[in-house]
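> Sequence and predicted structure below; questions after.
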Amino acid sequence: MRKPALSDKIEFYWIRSTGESPEGMAETQHAVTLAFDAADEYRPEPPPAPEIPAWQDGSLRIGIHTSIAGDITGSLDMAHGLGANALQIFSSSPRMWARGSSRITDADAARFRARRKELALGPLVIHANYLINLASPNPVLRTQSVQAFHQELARGVALGADFLVVHPGSRLESSIEAGEAAIAQSLKQAARGLKLGELRILLENTAGQGSSLGSRFEELKAVLDACPELPLGVCVDTAHLFAAGWDIRKAAGLEATLRHIEGTVGLDRVRIVHMNDSKVALGSRVDRHEHIGKGKVGLEAFREILNHPMLAGRAFILETPIDKPGDDKRNVAALWRLTGRVVRATGEGMEPRRDKRITAKKKAKAKARA
Ligand SMILES: [Zn+2]
Ligand SMILES: [Zn+2]
């Protein structure tokens with residue numbers, strides 16, 4: 001027969017004195033048991049549960065590309081102030097090859113991570129430099145691109161980014177197959193020696209301008225298939241889809257597009273959707289973004305995309321132009337409205353994101369006029 005344990009006795013007395021089995025009993029038992037079980041003293045601490053970032057709470061994520069000009073942490077406050085709960089940034093100047101070290105200092109990275117946590121922003125997407133061409137048949141440009149992409153990955157890890165979006169590249173005079181093989185090899189070379197942690201590389205579909213690869217999902221799939229060892233996924237840009245000939249204006253066209261994506265790269269690989277209306281007509285094969293609802297794609301398509309069950313759980317990131325002050329805020333609000341929610345922007349950090357070069361150009365013009 002089992003010897004009655006101390007906890008049994010406690011339960012017995014408790015039930016007798018109160019007439020019921022109380023809540024909190026388990027806690028009482030636990031405390032008493034611990035006090036009498038010597039073995040417990042040597043029990044190792046259970047490993048801590050992996051920390052799930054606050055943004056992965058299942059809530060809808062709408063973000064916008066914000067500027068890092070001046071201070072990289074300012075990009076977070078700007079996104080938050082615009083009413084977004086996710087964001088995309090460049091981690092260095094997007095149209096220049098980095099001169100010297102483009103490393104982010106530990107102090108800057110720590111400040112950035114802490115502020116991001118406070119604002120519960122996520123996912124954090126980094127868009128790679130536009131000069132990078134991982135498909136280039138020119139060995140000098142290829143090497144430069146691989147090195148620059150290696151730096152992009154290192155900065156992404158330092159900042160705690162979730163995704164690094166890159167355009168597959170232009171094959172120039174080489175064949176499609178050679179271009180795909182070059183991209184796969186470049187990605188592997190760039191990732192060499194890095195611990196990527198949670199960072200994923202997303203290949204973005206393109207408008208198909210010139211010899212750029214990636215306007216066909218079969219091309220993206222060829223690269224994904226060639227790099228099973230890398231954490232690769234896909235970013236789908238709506239303006240690029242439309243320019244590449246996918247008619248997403250009506251529900252049936254969107255459905256056909258999503259089925260095609262599912263049948264090629266697989267929708268589970270699609271982690272981010274770039275939400276841009278298009279200045280140009282269907283199949284134009286050029287990349288010209290427009291404000292949500294003001295372009296050739298139209299508002300209804302974005303409502304359908306935001307609420308489509310096949311795209312549930314993806315983050316939606318705007319890359320719309322700034323033509324006048326308030327455009328960013330209006331585009332963020334437009335997306336929230338299409339989801340049936342109204343999110344008021346706090347107004348903090350709401351300076352329009354501005355490219356330093358554009359500002360400098362404007363200043364020079366103003367000076368010339370004066
Ligand atoms: Zn892009
Ligand atoms: Zn895009």
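In hand now; what should we look at? Residues are numbered from 1 along each chain as shown. Ligands and ions are numbered 1, 2, ... in the order given.
> Send me the host helix or strand of A178 as CSV with only the CA atoms.
Here A178 sits within helix 176-191, counting by DSSP states H and E. The C-alpha trace of helix 176-191 is given here as CSV (Å, rounded to 0.1, in the frame of the first residue of the first chain):
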residue,chain,number,x,y,z
ILE,A,176,18.2,32.5,-68.4
GLU,A,177,19.7,29.2,-67.1
ALA,A,178,23.1,30.8,-66.7
GLY,A,179,21.5,33.8,-64.9
GLU,A,180,19.6,31.5,-62.5
ALA,A,181,22.8,29.5,-61.7
ALA,A,182,24.8,32.7,-61.1
ILE,A,183,22.2,34.0,-58.6
ALA,A,184,22.2,30.7,-56.7
GLN,A,185,26.0,30.6,-56.6
SER,A,186,26.2,34.3,-55.6
LEU,A,187,23.7,33.8,-52.7
LYS,A,188,25.7,30.8,-51.4
GLN,A,189,29.0,32.7,-51.6
ALA,A,190,27.5,35.8,-49.9
ALA,A,191,26.1,33.7,-47.0
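> Which helix or strand lies directly C-terminal to that helix?
Scanning forward in sequence from helix 176-191, with DSSP H and E defining helices and strands, the next element found is strand 200-204.
> buried stuff in the helix or strand that that following strand is followed by?
Later in the chain than strand 200-204, the nearest helix or strand by DSSP H and E is helix 217-226. Within helix 217-226, the residues that qualify as buried are F217, E219, L220, K221, A222, V223, L224, A226, counting by 16 or more other Cβ atoms under 10 Å. No exception for glycine: its C-beta is placed from N, CA and C like everyone else's.
> Repeat that for stretch 276-286.
Across stretch 276-286, burial judged by 16+ other Cβ under 10 Å covers N276, D277, S278, K279, V280, L282, S284, R285.
> relative orientation of the lengthiest helix in the chain and strand 200-204 in degrees?
Secondary structure of the chain read by DSSP state H shows that its longest helix is helix 139-159. Note on geometry: by axes from the mean of the first three to the mean of the last three Cα atoms, to 10 degrees, helix 139-159 and strand 200-204 are set 130 degrees apart in direction.
> can you state the direction angle for helix 139-159 and helix 176-191?
The directions of helix 139-159 and helix 176-191 differ by 50 degrees, with the same axes, to 10 degrees as the criterion.
> avg pLDDT for helix 139-159?
Across helix 139-159, the average pLDDT comes to 97.
> outside of it, which residues touch it?
Where contact means Cβ atoms under 8 Å, 6 or more residues apart in numbering, the residues beyond helix 139-159 that reach it are 72, 91-92, 97-98, 102-104, 106, 109, 112-113, 124, 126, 128-129, 131-134, 136, 164, 166, 169, 182, 186-187, 189-192, 194-197, 199, 201.
> repeat that with 7 Å
Contacts to helix 139-159, defined as Cβ atoms under 7 Å, 6 or more residues apart in numbering, come from residues 91-92, 97-98, 102, 104, 109, 112, 124, 126, 128-129, 132-134, 136, 164, 166, 182, 186, 189-191, 194, 196-197, 199.
> Right, I'll leave it there.
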